[in-house]
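*Asks:* Give the three-dimensional model of this entry:
(chains A and B)
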There are 2 protein chains.
Amino acid sequence: MDAYAARKLNKVRVGNRAAYDKETVNAVLDEGLVAHVGFVDRDRPIVIPMIYGRVDDTLYLHGAKATRFVKALGKGVPVCVTVTLIDGIVVGRSAFHSSMNYRSVVAHGQARLLTDEDERIRAMTVLTDHMLPGRWDEARPASEKELKATGIIAAAIEAASAKARTGDPIDEDDDYALPVWGGVVPVHTIFGVPQDDCRLAAGTVVPASVAQLLKRNGD
Amino acid sequence: MDAYAARKLNKVRVGNRAAYDKETVNAVLDEGLVAHVGFVDRDRPIVIPMIYGRVDDTLYLHGAKATRFVKALGKGVPVCVTVTLIDGIVVGRSAFHSSMNYRSVVAHGQARLLTDEDERIRAMTVLTDHMLPGRWDEARPASEKELKATGIIAAAIEAASAKARTGDPIDEDDDYALPVWGGVVPVHTIFGVPQDDCRLAAGTVVPASVAQLLKRNGD
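*Replies:* I've put the predicted structure just below:
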């Protein structure tokens, strides 16, 4: 099975919760809405929530060219991209065995500022279509001015790991007899009814990309 | 109004989306389920999703003492704690003006390993009660062994900023006439029906802490 590198950098301590195969890692990356992107700026860690996209083993990020984010990452620094999907709150009989059910990916790479215009356009398409597949083609094409104002960062994944927890709490044997509730409270991310812009042109209806997003509620 | 420090480290470029007052920042910190915690390990940024808690201007994190996370932060390094609440997907007529509605906080501090046992217990209470207020008192008390196995990290907030986007897309004037849908798809975090542990003791019912969590669905 095709897998991402497991190095000291990204090896998960508790092996039975870890996966490195690309199918598992990419499934989490593709379901997330926002990544938390970490980089080092003047010896300090900075973590910023970002829209992102993926093609094969490359992650894409973007921002206005004036942002600290684009300026810092454009220098080609190491980057850590973490995506977390929360599935439930695990309520153990003890605080110690309480936890979360989740799927997360921690991916490491080197940031690279894209300069090739074709690659930039492909990356923008991916960033737009990540949440709303097909949106790039539905939307008004990007103008020269918009393209110029946008900085695109790519990071080839050098090492990545997925981590997941599922199911009931794992309590101490003696604790199961206690009159203390244990179980899981599921957590769902739900897309609500699309709200028309207050200036929507007459006769304009919700597009395929949005309709497709709403289908994810059934998963 | 009481505010967190706004420094070069955390100043938000687009001023009208930023807030530094403690009421706004703390409201985001108190609503989030998971923080993305950044630190630097051998010159690389590491971002890990973590349960967390807050008292006044101090954030608490915890983990097994054996984890890289606790070992690295226990040395007293700079830490960045980011919490993001996703409120909607903003669908502009152009990709450029598409975005997310969100509330996020980026908080910076120095990690500190707690050693005082009273402070450690208070921190564990806060970590447990963050999502489930009152759970610490409902649960079986922590054992000596559990206390020993747990590392608790505190970080006094030195600088923090909240950032938020709300409302419709801000499209180009000419774009409003286009036959392209624009609007917002709300994103909700919903707590599902509590699932009893398959080994639940007979007669045990969902506790007040969980019932209180479910009330958040109505917000």
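*Asks:* Please state the mean pLDDT value computed over the longest helix anywhere in chain A.
*Replies:* Secondary structure of chain A per DSSP state H: the longest helix is helix A:117-129. Average pLDDT, helix A:117-129: 97.
*Asks:* Check what contacts it and list those residues.
*Replies:* Helix A:117-129 is touched from outside by A:51-55, A:60-62, A:114, A:135-136, A:139, A:142, A:147, A:150, A:152, A:154, A:209, B:95, B:98, with contacts defined as Cβ atoms under 8 Å, 6 or more residues apart in numbering or on different chains. The C-beta positions use only the backbone N, C-alpha and C, and glycine is treated the same way.
*Asks:* In helices, which of the residues you listed appear?
*Replies:* Using DSSP H, the contacts of helix A:117-129 in helices are A:Arg135, A:Trp136, A:Leu147, A:Ser209.
*Asks:* Kindly indicate which of these lies nearest chain B.
*Replies:* Among the ones in helices among the contacts of helix A:117-129, A:Trp136 lies closest to chain B (Cβ to the nearest Cβ), at 6.0 Å.
*Asks:* all strands of chain A, in order?
*Replies:* For chain A, applying DSSP state E gives strands covering A:18-19, A:35-41, A:44-50, A:52-55, A:58-64, A:78-91, A:99-113, A:150-165, A:183-191, A:195-196.
*Asks:* just the ones you listed: most buried one?
*Replies:* strand A:35-41 (a mean of 26; mean count of other Cβ atoms under 10 Å in any protein chain shown).
*Asks:* Run the angle between that strand and strand A:150-165 for me.
*Replies:* 110 degrees (axes from the mean of the first three to the mean of the last three Cα atoms, to 10 degrees).
*Asks:* Direction included, what does strand A:35-41 pair up with?
*Replies:* strand A:44-50 (antiparallel), strand A:78-91 (antiparallel) (DSSP bridges).
*Asks:* which residues does A:Pro131 contact?
*Replies:* That one is not Pro; residue A:131 is Met. A:Leu33, A:Ile51, A:Leu213, B:Ile89.
*Asks:* got it, and A:Ala142?
*Replies:* Contacts of A:Ala142 (Cβ under 8 Å, 6+ apart): A:Ile121, A:Met124, B:Ser94, B:Ala95, B:Phe96.
*Asks:* Pull out the buried residues from stretch A:127-134.
*Replies:* A:Leu127, A:Thr128, A:Asp129, A:His130, A:Met131, A:Leu132 (16 or more other Cβ atoms under 10 Å in any protein chain shown).
*Asks:* quick one: which of those is nearest to chain B?
*Replies:* A:Thr128 (4.3 Å).
*Asks:* ok, that closest one to A:Pro78 distance?
*Replies:* 26 Å (Cβ to Cβ, to the nearest Å).
*Asks:* could you dump the contacts of A:Met131 to TSV with distance to A:Trp181 and pLDDT?
*Replies:* Listed next are the contacts of A:Met131 as TSV, based on distance: Cβ to Cβ, whole Å; pLDDT from 0 to 100:
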residue	distance to A:Trp181	pLDDT
A:Leu33	31	97
A:Ile51	38	97
A:Leu213	35	95
B:Ile89	36	98
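*Asks:* Most neighbours among the ones in helices among the contacts of helix A:117-129, which one is it?
*Replies:* A:Arg135 (24 neighbours; other Cβ atoms under 10 Å in any protein chain shown).
*Asks:* Please name the nearest non-neighbouring residue to it.
*Replies:* A:Ser209 (4.2 Å; Cβ to Cβ, 6 or more residues apart in numbering or on different chains).
*Asks:* per-residue pLDDT, that neighbour?
*Replies:* Looking at A:Ser209, the pLDDT reads 98.
*Asks:* OK, contacts around it?
*Replies:* Contacts of A:Ser209 (Cβ under 8 Å, 6+ apart): A:Asp129, A:Leu132, A:Pro133, A:Gly134, A:Arg135, A:Glu138, B:Val91.
*Asks:* still on that earlier bit, ok, which of the strands paired with strand A:35-41 comes nearest B:Gln110?
*Replies:* B:Gln110 lies closest, by Cβ to Cβ, to one member of those: strand A:44-50, at 10.3 Å.
*Asks:* returning to that earlier point: possible to save the strands paired with strand A:35-41 as JSON lines with distance to B:Val83?
*Replies:* Formatted as JSON lines, the strands paired with strand A:35-41 follow (distance: least, Cβ to Cβ, whole Å):
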{"stretch": "strand A:44-50", "distance to B:Val83": "9"}
{"stretch": "strand A:78-91", "distance to B:Val83": "12"}
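*Asks:* Relative to A:Thr67, which of those is closest?
*Replies:* strand A:44-50 (9.0 Å).
*Asks:* shaky segments in chain A?
*Replies:* A:1, A:219 (pLDDT under 70).
*Asks:* If we ignore the residues flanking it in sequence, what's nearest A:Asp90?
*Replies:* To be clear, residue A:90 is Val; Asp isn't right here. Of all residues not flanking A:Val90 in the chain, A:Ser99 sits nearest, at 4.2 Å (Cβ to Cβ, 6+ apart).
*Asks:* Hmm, the one you found is touching A:Thr166, no?
*Replies:* No. Contact criterion Cβ atoms under 8 Å: A:Ser99 and A:Thr166 do not qualify, at 10.8 Å.
*Asks:* and the residue sitting furthest away from the middle of chain A, what does it touch?
*Replies:* Distance from the C-alpha centroid of chain A, by Cα atoms, centre = their mean, peaks at A:Ala177 (39.7 Å). Going by Cβ under 8 Å, 6+ apart, A:Ala177 touches B:Ala201.
*Asks:* For it, give its distance to B:Trp136.
*Replies:* Taken as Cβ to Cβ, the span from A:Ala177 to B:Trp136 is 21 Å.
*Asks:* ok, back up a step: for the contacts of A:Ala142, which one is nearest B:Asn16?
*Replies:* B:Phe96 (18.4 Å).
*Asks:* so how many other residues sit close to that closest one?
*Replies:* 22.
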